[in-house]
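Trainee: One predicted model, sequence on top.
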Amino acid sequence: MSLNTKTALEIGQMIKNKEISSVEATKEMLANIKARDEKVNAYITVLENEAIAQAESVQAKIDKGELTSPLAGVPMAIKDNICTKDILTTCGSRMLYNFKPPYNATVSEKLEKNGAVVLGKLNMDEFAMGGSTETSYFNPTGNPWDTARVPGGSSGGSAAAVAARECTYALGSDTGGSIRQPCSFCGVSGIKPTYGAVSRYGLVAFASSLDQIGPIGRDIKDCAEILTMISGHDPKDSTSIKRAAFDFSDCYDGDLKGMKIGIPVNYFGKGLDEDVKKPVLEAAETLKKLGAEIEEFNMDIVDYAIPTYYVLACAEASSNLSRYDGIKYGYRRKDCEDLLEVYYTSRSEGFGMEVKRRIMLGSFVLSSGYYDAYYKKGLQIRGLIKKSFDQAFEKYDMILSPVAPTTAYKIGENSSDPLKMYLGDIYTVSVNLAGIPAVSIPCGFGKNAMPVGLQLIGNVFDEPKLVKAAYAFQKITDYHTNIPEMVKEGGDK
Amino acid sequence: MNYQIVVGLEVHVELSTKSKIFCSCTTEFGGEPNTHVCPVCSGMPGVLPVLNKKVVEFAVRAGLATNCEITRFNKFDRKNYFYPDLPKAYQVSQLYLPICRNGKVEIEVDGVKKYIGIHEIHMEEDAGKLVHDPWDDCTLVDYNRCGVPLLEIVSEPDFRSAEEVVAYLTKLRETMMYLGVSDCKMQEGSMRADVNISVMPMGSTKFGTRTEMKNMNSFKAIYRAIKYESKRQIEVLESGGVVTQETRRWDDNKDASFAMRSKENAQDYRYFPEPDLLPIEISEEWIENAKKTMPELPEAKRARYMSEFGLSEYDASVITAERQIAYLFEDAAAICGKPKEVCNLVMGELMRLMSDTGTLAEELDIDPHKIADIIELIDSGKINRNVGKEVFEAVFKENVDPVKYVEEKGLMMLDDDSLVEDTIDEVIKNNPKSIEDLKAGKDKAKGFLVGQTMKALKGKANPQTVNKILNEKLSKILN
């Protein structure tokens, strides 16, 4: 049986109905990986035997009625910066090429508790720094719609694996757009949750005040279910927030009457591809037809989002990545004369260019004499950005915007121009700076036949509103059900 | 020219919480290397700190005891530097909003009192320890101490002599121990100081260039280092040189300090707010509660012992020098209601036994009820003072129950007057020489007869009874 067109929730239901077993579903995904991943390179680690064994044990528990989670037995995969006990967790870096954590991330624990079957660990930009998955030490990932193009990043492996049906859903992480932009590039759905909604314990830190783990799936309903599963306060993460669990039960009526959506006009100016602009504005029209009120407004502060983001994110990263010194774990250059040489050579050889660039940038903005001019100012602007969003949410239920200014570009096309790369984050980073949630869902295709994504941004913990709007959109559109050619070939088998 | 010494101190105090500041590992000293560690304190990728609230509580107590203002809105910051004993390559500390500020501590040197200003007290985590193995020529790292909570108490440069520094350190140590926030074991490094020293011409108001000596963990060494370093600086200035701002290492064996690194090589710690921890807000209620539950500090105790119990200043200060002894004294006095007698026992027997056996105050494990029991036994005439001392020693060494011990060993005084009478008759009969002496006016002989009687009764007779009966008998014989 082909599961190519099925969502994770549908597969979960099929397993419950005994139409298919967890082992069968897992084997199909493993076969897809075998058939396609040579081209896609979405996986860094495939857990073939482990996944089958896990599926067997999960199936036994489902049969005994011990596991009732809607996604029990459904095979999935995890971005390689989320710790999985005794399983390689590389962060896409040579620095951690051999690192097997002796502990699980809290989300990994939650997945296990809910009977998820883990197929493997997914490729990513090194330490989640990048928007194309080209900075991975384990080679770039190809976009399943056109493997000569990038899948976006940094959760490129996660989005590509879902698009190529090499897993039914995946976990990614989003520091400045790392879930939303690859979803846009690969034609899948994803949620960047409110900061503090999902525990960061066991997520290898890039920028601690911005990082959030989130779901990537075939449609928004899958994503909402996954988010319900992985969210909640965690005593191991002081920044995770104590509150009632998400309730998405009222999100699926497809009616947007009374919902007010703001469109920031300055998001649609210079730098935005026509290819992206058109489907996104059409999506606004579709939402209007569903009953939503659409209004344009101005959000000038967003012009400062990119410099602010790169100052703050790199500052935190420079400190977070200091622990990789060749002393305790991971890559270490042998035969060094003294301690300094261990540091210099291990870090020079263990980290890639982009990571080193950001460490230098971050160290610079934190150094004495520059702290006030850069880091402190960055914090102040971050406050202003948050305030602008607060003001917007006084008027609107959500904000509609593009996810990225372009569709997926060719591998190698932008990799020599970091500034151009950074500008690709223009619509996503302010969401992380404000700590608010956003979804990314497919809303069309460009002239190059590559998918285009739509971003809906909500107020703190307004994920249900976003899911409601995204669901209504997906109910009457079919962009999210389109599958790449390579998947069709597989499906014809 | 005459010079004025100026000293400022940064004192690190390891807190005696059960678990570390950001994880649940034990803070216990020692242990096999890397056995008191977990992914959090060993800085594994992806782990997060969770603040031990007890650390904040202890910091507030320390701040209140040193007359500081308590910062209501607190944050932690990261201090970034590379060193193998620091697994995250940053230390979580407080730079911008330390928990306590603007305090003062009163000290007294040669009868002169003065205040030493406390610039700030902040919370931070300790680092691990590097052990160099000369045999294999390699350096090993032990992370057991990583994440043990510390308070750094930063004084103003208010010290003008080494004596003042030692008086302050003594007071600080005593205070921290009484607060129960630290055991301040110098030999285990749980109290250590960075000493900043400069000199300036007498009468000047402009401080000279300072040098710093880090991680000193003995009052004696600190005293000597200040004497030496100020003398060295004066010599440099007198010979027309300039003092370089630098970190120097004190070598207590060589009695000299050596330059380590100068300011030009100073690290840029790239401090910034720790994003993994939320700010801590300290409420008024919290502070009020901390004030209410503050233990009585040594100074107040000394004053009270003198006024309430009538102890001498000397006795009061010896007893309060160590918290454990003061509590033992107070508890025993409260139980038996005889503070003076408890004081005598503590000042005499306890101090003697501690010094004879090399026992530290924190190792004492004596039930105050047992001390009260001994005093009861003496006071009710059941045992005499000398037997009391013997019983106390048994309590100290073997933790015996005093009442049972006295019974089992048959140390109870005899209240059978006829036996005493018979014994005295016997003693008088056997010592005609003594009677002769007494008749001749040599009163000393009476003491001998008492001694002989006590000896015959194995010391269990009440001396007063012996004296009384002997006097009666003698008066008959002598008259």
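Mentor: Thanks, I have the structure now. Note that the structure is a prediction, hence the values are computed from the model and not measured. Residues are numbered from 1 along each chain as shown, chains lettered A, B, ... in the order given.
Trainee: Contacts only, for whatever residue of the stretch 1-150 of chain B ends up closest to chain A.
Mentor: Proximity of the stretch 1-150 of chain B to chain A (CB to the nearest CB) peaks at B:Ala89, 3.3 Å away. For every residue, glycine as well, the C-beta is placed using N, CA and C. B:Ala89 sits next to A:Ser319, A:Ser322, A:Arg323, A:Asp325, B:Gly43, B:Asn80, B:Tyr81, B:Phe82, B:Tyr83 when contact means CB atoms under 8 Å, 6 or more residues apart in numbering or on different chains.
Trainee: quick one: B:Val199 and chain A, what's the gap?
Mentor: Per CB to the nearest CB, to the nearest Å, B:Val199 is found 28 Å from chain A.
Trainee: Could you grab the helix/strand/coil label for that residue?
Mentor: What DSSP: H, G, I helix; E, B strand; the rest coil gives for B:Val199 is strand.
Trainee: Tell me, how many residues neighbour it?
Mentor: A count of neighbours around B:Val199, defined by other CB atoms under 10 Å in any protein chain shown, yields 24.
Trainee: before we move on, the earlier item: once you drop chain neighbours, what's closest to the residue of the stretch 1-150 of chain B closest to chain A?
Mentor: Nearest residue to B:Ala89 in three dimensions, chain neighbours excluded: A:Ser322, at 3.3 Å (CB to CB, 6 or more residues apart in numbering or on different chains).
Trainee: OK, contacts around the one you found?
Mentor: Shown in contact with A:Ser322 (CB under 8 Å, 6+ apart): B:Asn80, B:Phe82, B:Lys88, B:Ala89, B:Tyr90.
Trainee: re the thing from before, pLDDT score assigned to the residue of the stretch 1-150 of chain B closest to chain A?
Mentor: Looking at B:Ala89, its pLDDT stands at 97.
Trainee: Same question for B:Ile325.
Mentor: pLDDT, B:Ile325: 93.
Trainee: Geometric centre of chain A: which residue is closest?
Mentor: Residue closest to the mean C-alpha point of chain A, counted by CA atoms, centre = their mean, is A:Ile179 at 2.1 Å.
Trainee: Quickly note the distance from that residue to B:Gln452.
Mentor: Going from A:Ile179 to B:Gln452 by CB to CB, to the nearest Å gives 100 Å.
Trainee: Show me where the stretch 301-450 of chain A has its strands.
Mentor: A:398-402, A:438-445 (DSSP state E, counting those that start in this stretch).
Trainee: Columns distance to B:Met412, mean pLDDT and mean neighbour count on top of those strands, output as CSV?
Mentor: Converted to CSV, these look like this (distance: least, CB to CB, whole Å; pLDDT from 0 to 100; neighbours: other CB atoms under 10 Å in any protein chain shown):
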stretch, distance to B:Met412, mean pLDDT, mean neighbour count
strand A:398-402, 90, 98, 25
strand A:438-445, 87, 98, 28
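Trainee: Among those strands, which comes closest to chain B?
Mentor: In terms of CB to the nearest CB, the element of the strands of the stretch 301-450 of chain A nearest to chain B is strand A:438-445, at 20.4 Å.
Trainee: What residues does chain B have near chain A?
Mentor: With CB under 8 Å from any CB of the partner chain as the criterion, chain B meets chain A at residues B:39, B:42-51, B:78, B:80, B:82, B:84, B:87-90, B:141, B:268, B:270-272, B:275-278.
Trainee: Next, B:Asp142: phi, psi?
Mentor: Phi and psi for B:Asp142, reported as degrees, to the nearest 10, are phi -120, psi 120.
Trainee: Give me the spatial nearest neighbour of it, chain neighbours excluded.
Mentor: Excluding the flanking residues, the one nearest B:Asp142 by CB to CB, 6+ apart is B:Pro33, at 3.9 Å.
Trainee: For the one you found, give me its contacts.
Mentor: Applying CB under 8 Å, 6+ apart, the residues near B:Pro33 are B:Val131, B:Leu140, B:Asp142, B:Asn144.
Trainee: count of residues packed around the first one?
Mentor: Per other CB under 10 Å, the neighbour tally for B:Val131 reads 12.
Trainee: That one and B:Thr139 touch, don't they?
Mentor: Yes: under the criterion of CB atoms under 8 Å, B:Val131 makes contact with B:Thr139 at 7.0 Å.
Trainee: Can you check what pLDDT the model gives the residue of chain A at minimum distance from chain B?
Mentor: Nearest residue of chain A to chain B: A:Ser322, at 3.3 Å (CB to the nearest CB). Looking at A:Ser322, its pLDDT is 98.
Trainee: still on that earlier bit, would you write a PyMOL line that selects the buried entries of the contacts of B:Ala89?
Mentor: Restricted to buried positions by 16 or more other CB atoms under 10 Å in any protein chain shown, the PyMOL selection for those reads:
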select buried, (chain A and resi 319+322+323+325) or (chain B and resi 43+80+82+83)
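Trainee: can you redo the contacts of B:Ala89 as TSV with distance to A:Lys64?
Mentor: TSV is the format used below for those (distance: CB to CB, whole Å):
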residue	distance to A:Lys64
A:Ser319	48
A:Ser322	48
A:Arg323	43
A:Asp325	48
B:Gly43	41
B:Asn80	52
B:Tyr81	54
B:Phe82	52
B:Tyr83	53
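Trainee: Which of the contacts of B:Ala89 fall in helices?
Mentor: Mapping the contacts of B:Ala89 onto helices (DSSP state H) picks out A:Ser319.
Trainee: Can you tell me which of the contacts of B:Ala89 is nearest B:Met200?
Mentor: Nearest to B:Met200 among the contacts of B:Ala89 is B:Tyr81, at 31.4 Å by CB to CB.
Trainee: Got the phi and psi for B:Leu48?
Mentor: Main-chain dihedrals, B:Leu48, degrees, to the nearest 10: phi -130, psi 150.
Trainee: ok, it - contacts?
Mentor: Counting by CB under 8 Å, 6+ apart, B:Leu48 touches A:Arg200, A:Tyr201, A:Lys236, A:Asp237, A:Ser238, A:Thr239, B:Val40, B:Asp276.
Trainee: For those residues, work out which two are farthest apart.
Mentor: Going by CB to CB, the pair spanning the contacts of B:Leu48 furthest: A:Thr239 and B:Val40, at 14.8 Å.
Trainee: Count the neighbours of residue 20 for me.
Mentor: Picked chain A for this. A:Ile20 is flanked by 17 other residues according to other CB under 10 Å.
Trainee: Hmm, no, I was thinking of chain B.
Mentor: B:Lys20 has 27 neighbouring residues, counting by other CB under 10 Å.
Trainee: which residues touch the closest residue to it other than its chain neighbours?
Mentor: Excluding the flanking residues, the one nearest B:Lys20 by CB to CB, 6+ apart is B:Gly147, at 3.9 Å. Applying CB under 8 Å, 6+ apart, one finds that B:Gly147 lies in contact with B:Lys20, B:Ile21, B:Phe22, B:Cys23, B:Cys25, B:Val40, B:Cys41, B:Glu125, B:Asp126.
Trainee: same deal with A:Ala434?
Mentor: Contact analysis of A:Ala434 by CB under 8 Å, 6+ apart lists A:Arg382, A:Ile385, A:Lys386, A:Phe389.
Trainee: Next one: the closest residue to the last one other than its chain neighbours from A:Ile301, what distance?
Mentor: Same thing as A:Phe389. Leaving aside its sequence neighbours, A:Phe389 sits nearest to A:Ala434 (CB to CB, 6+ apart; 4.6 Å). Here the criterion is CB to CB. By it, A:Ala434 lies 10 Å from A:Ile301.
Trainee: same check, this time on B:Thr293
Mentor: For B:Thr293, the distance to A:Ile301 equals 48 Å [CB to CB].
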